[in-house]
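1. Requesting a structural model of the entry that follows:
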Amino acid sequence: MTALLIIGALAVILIVWGIGIYNRLVALRNRYQNAFAQIEVQLKRRHDLIPNLVETVKGYMAHERETLEAVVEARNQAASGLSAAANNPGDPSAMKALGNAEGVLGGAMGRLLALSEAYPDLKASQNMQQLTEELTSTENKVSFSRQAFNDAVTEYNTYKQSFPPVLFAGTFGHGIDASLLEFDHEQIAEAPQVSFS
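-> Reported below is the predicted structural model:
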């Protein structure tokens, strides 16, 4: 009888322990998904500001049509990448595609803003100053949101890969590691080429 009570107590302890691991995995996954939702809000804001910026710049930079079209195309690709990533935050291929698309958009925006420096009337425009300020603020928010997301993903992956959760993670539907969101730094760091010929 005592042996059955001990075995029953151990079984209850193991079940409660397993439930604790499961709940912790779910909580950590929900945390990184919420963190991605914050990135999504900021990136959508960024994507919504870009058409206004292009319209403001269009009148001043009529002969820079190629640059404007590159920004619009990059924005559309980034918005599409964001939609795909929002359906499955943490998915390695979705995060890589989004990071690459945002890197291309960052590079196109950098070239546009560098070209706008050559137009004193554009720089002095109240709309341009306001949009530039809003974009800068949004970029900072994207950086902070991306940091929070990457921290949450790292915490999730670390817990999931540690012992004993690693024994149960696959069984509980947490087999694949979540992926960090990294923007293509080469695209962003690329210096804009300015040509007035």
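
2. Any stretches of the chain with poor pLDDT?
-> 184-197 (pLDDT under 70).

3. the helices in it, which residues?
-> 2-58, 65-87, 92-116, 120-124, 126-161, 165-168, 185-189 (DSSP state H).

4. show me what contacts the closest residue in space to residue 18 that isn't next to it in sequence?
-> Excluding its sequence neighbours, the residue lying closest to residue 18 (CB to CB, 6 or more residues apart in numbering) is residue 168, at 6.3 Å. Where you see a C-beta, it was placed from the backbone N, CA and C, and this is true even at glycine. By CB atoms under 8 Å, 6 or more residues apart in numbering, residue 168 lies in contact with 18, 21, 22.

5. who wins for neighbours among the residues you listed?
-> For the contacts of residue 168, neighbours were counted using other CB atoms under 10 Å, and residue 21 has the most, 20 neighbours in all.

6. There's contact between that residue and residue 174 in this structure, I believe.
-> No - taking contacts as CB atoms under 8 Å, residue 21 lies outside contact range of residue 174: 9.7 Å.

7. so what sits against both of these two?
-> Common neighbours of residue 21 and residue 174 (CB under 8 Å, 6+ apart) do not exist.

8. quick one, what contacts residue 175?
-> residue 169.

9. Now with 10 Å, please.
-> Going by CB atoms under 10 Å, 6 or more residues apart in numbering, residue 175 touches 160, 169.

10. Offset the numbering so it begins at 52, please.
-> New numbering, starting at 52: the last item is residue 226.

11. Over to residue 215: give its phi and psi.
-> Phi and psi for residue 215, reported as degrees, to the nearest 10, are phi -100, psi -10.

12. do you know how far the closest residue in space to it that isn't next to it in sequence is from residue 56?
-> Using CB to CB, 6+ apart and skipping the chain neighbours, the partner closest in space to residue 215 is residue 72 (7.0 Å). Using CB to CB, to the nearest Å, we find residue 72 at a distance of 25 Å from residue 56.

13. Nearest to residue 230, out of the helices of the chain?
-> Within those, the stretch nearest residue 230 is helix 143-167; the backing value is 4.0 Å (CB to CB).

14. That closest one to helix 116-138, inter-axis angle?
-> For helix 143-167 against helix 116-138, the angle by axes from the mean of the first three to the mean of the last three CA atoms, to 10 degrees is 150 degrees.

15. by contact count, what packs against helix 143-167?
-> Judged by 3 or more CB pairs under 10 Å, 6 or more residues apart in numbering; DSSP states H and E, the packing partners of helix 143-167 are helix 53-109, helix 116-138, helix 171-175, helix 177-212, helix 236-240.

16. so how far is it from its chain's centroid?
-> 12 Å (CA atoms, centre = their mean, to the nearest Å).

17. List the buried residues of it.
-> By neighbour count on 16 or more other CB atoms under 10 Å, the buried set for helix 143-167 is 145-164, 166-167.

18. Just confirm residue 141 contacts residue 211, I think it does.
-> No - with contacts counted by CB atoms under 10 Å, residue 141 stays clear of residue 211, the gap being 11.3 Å.
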